[in-house]
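# How does the following fold in three dimensions:
(one chain, ligands or ions: 1)
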Amino acid sequence: MRKESELSLKMKATAIAPASIALIKYWGKRDDRLRLPLNPSVSMNLSACLTTTTVEFATGHRHDQVEMIGEEISEKEIARVKDHLNWIRKLGKSRLSAKVVTKNSFPKSSGIASSASGFAALTVAATAALGLRLPERKLSTMARIGSGSACRSIPDGFVEWKEGNTTGSSFAYSLYPPDWWDICDLLLIVSPGGKKVSSTAGMAEAWTSPFFEARLENIKDRIKKVKKALKQKNFILLGETTEEEAVNLHAVMMTQKPPLFYWNEGTMEIILAVCEWRNQGLPVYFTIDAGPNVHLITEGKNEKEVRGRIRSLKNVKDAIVNKPAKGAVLAENHLF
Ligand code: PMV
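As a prediction, this is how the structure comes out:
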């Protein structure tokens, strides 16, 4: 049999994957290279925050090429994509170079961690292009190596990432499908541009916070509460636990050395407004990842009311309305 390098080969696939909002957040790793987390996390896939990626392995490509439609991509980001392609080539026993083209459905200004949807889409497209038929668990494991939270963008709907202690035991799986519960995530943009300190750099210093150990001790209890809330569709329990978790995470971030202050004036305006709206009887809660933008969580039946109230907030520049979404899928329309 001839080697793949001697044949004229072209193998191409495209995948679409969602970003997610973490209800219980991942912050801190036990293994940096394999991205094994120190705690389990739970998230919901976001229907309006998607990455589409086409990967083509071909004998004609002399080296890996990576392009992002409509956005700049840094050398560091390109290097991370190439590293991930190396893991996948190793798995597929291939030496072919790849062309990767990717685009996001959400603006860069949203500050959403596109690495989750990006590495999930890259993993599904690249493994399919190499003809690997991997089960969901293996795809989740591979995506995790590219970016921790990407493992949660593989399964459908509401997802739990079991922390595990080996690469094979640290993967995400679906707790409930997207149509399980009509939850709405309103992502409010208060600050344009990406975050100043990446989550990878930020979480490397998590252990310097005097509150980090306490966070890890409490988190199992919060995971239980969120899972119970999802099971029983108990919105108050879901909202209270999600909000408490976000504030707990940011207390750790703000007390790390050096401290990480992701919030700004707009973040604070929303937090105070949400507390006030709740006092007035509207069930809406907030959560915040590694940036200033705020996700409002409410039930579908209250979406219109919350959207109406957002108009009074002076620092909100844009709002992206998300519903629970399915995980990464292969798509037929290639980007090139
Ligand atoms: O996977 P990363 O490196 O983008 O880290 C994600 C960190 C948070 O968004 C803050 C929390 C989470 O679980 O998504």
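# contacts and neighbour counts: CA atoms only from here.
Will do.
# Could you list the buried residues of the lowest-mean-pLDDT helix or strand in the chain?
When each helix and strand of the chain is scored by mean pLDDT, DSSP states H and E, helix 199-204 comes last, with a mean of 93. Buried residues in helix 199-204, defined by neighbour count with 16 or more other CA atoms under 10 Å: 199, 202-203.
# next one: it to chain centre, how far?
Centroid displacement of helix 199-204 relative to its chain, using CA atoms, centre = their mean, to the nearest Å, is 15 Å.
# Renumber starting at 570 from here on
Okay, residue one is now 570; in that scheme the one you just asked about reads as helix 768-773.
# which strands and helices sit next to it?
If contacts are counted by 3 or more CA pairs under 8 Å, 6 or more residues apart in numbering; DSSP states H and E, helix 768-773 sits against no helix or strand.
# Give me the residues contacting it.
With CA atoms under 8 Å, 6 or more residues apart in numbering as the test, helix 768-773 has contacts from 596-598, 822, 829, 859.
# Quick check: chain neighbours aside, which residue is closest to the residue nearest the centre of the chain?
Nearest residue to the geometric centre of the chain (CA atoms, centre = their mean): A685, 3.7 Å. Closest residue in space to A685, ignoring its immediate chain neighbours: A719 at 3.7 Å, by CA to CA, 6 or more residues apart in numbering.
# who are the neighbours in contact with the residue nearest to the centre of the chain?
By CA under 8 Å, 6+ apart, the contact set of A685 is 587-589, 716-722.
# now P704: how far from L841?
Using CA to CA, to the nearest Å, one gets 44 Å for the distance from P704 to L841.
# Then H864?
Note on H864: its distance to L841, by CA to CA, is 14 Å.
# Which one's more surrounded, the two?
It is H864, of H864 and L841, that has more neighbours when counted by other CA atoms under 10 Å, with 23 against 10.
# Next, the more buried one: phi, psi?
phi -100, psi 130 (degrees, to the nearest 10).
# what ranges do the helices span in the chain?
Counting by DSSP state H, one finds helices in the chain at the ranges 644-661, 683-698, 705-715, 768-773, 781-801, 804-823, 834-848, 872-879.
# Off-centre distance for stretch 683-691?
In terms of CA atoms, centre = their mean, the centre of stretch 683-691 is set 8 Å apart from its chain centre.
# what do you get for stretch 706-722?
For stretch 706-722, the distance to the chain centre is 10 Å (CA atoms, centre = their mean).
# Show residues contacting that stretch.
586-589, 595, 602-606, 612, 614, 649-650, 653, 657, 684-689, 692-693, 723-724, 728-730, 736-737, 739-742, 896-897.
# list the contacts for P828?
Counting by CA under 8 Å, 6+ apart, the residues that P828 touches are M822.
# so what's T777 scoring on pLDDT?
Turning to T777, the model gives it a pLDDT of 98.
# so it touches M822, yeah?
No. T777 is beyond contact range of M822, at 9.5 Å (criterion: CA atoms under 8 Å).
# which of the two has more neighbours?
For the pair T777 and M822, the greater number of neighbours falls to M822 (26 against 17), based on other CA under 10 Å.
# and that one, what does it touch?
771, 775, 778, 828-830.
# how many neighbours does A798 have?
Residues lying near A798 (other CA under 10 Å) number 17.
# Distance of it relative to F727?
From A798 to F727 the distance is 12 Å (CA to CA).
# Ok, V624 next?
Applying CA to CA, the value for V624 to F727 is 27 Å.
# who are the neighbours in contact with D754?
So D754 contacts 615, 864-867, 890-892 (CA under 8 Å, 6+ apart).
# Near the ligand, which residues of this protein are found?
591, 594-596, 682, 684-685, 716-718, 768-769, 858-859 (CA under 6 Å from any ligand atom).
# ok, of those, which come out buried?
In the residues of the chain next to the ligand, burial by neighbour count holds for 591, 594-596, 682, 684-685, 716-718, 768, 858-859, counting by 16+ other CA under 10 Å.
# where are the low-confidence patches of the stretch 720-869 of the chain?
The model of the stretch 720-869 of the chain has pLDDT under 70 over residues 761-763.
# most neighbours per residue, which of the helices of the chain?
Stretch with highest mean neighbour count among the helices of the chain: helix 683-698 (a mean of 28; mean count of other CA atoms under 10 Å).
# next one: that helix to chain centre, how far?
12 Å.
# now stretch 888-904
Mean-position distance between stretch 888-904 and its chain equals 13 Å (CA atoms, centre = their mean).
# Flag every buried residue along that stretch.
Going by neighbour count (16+ other CA under 10 Å), the buried part of stretch 888-904 is 888-899.
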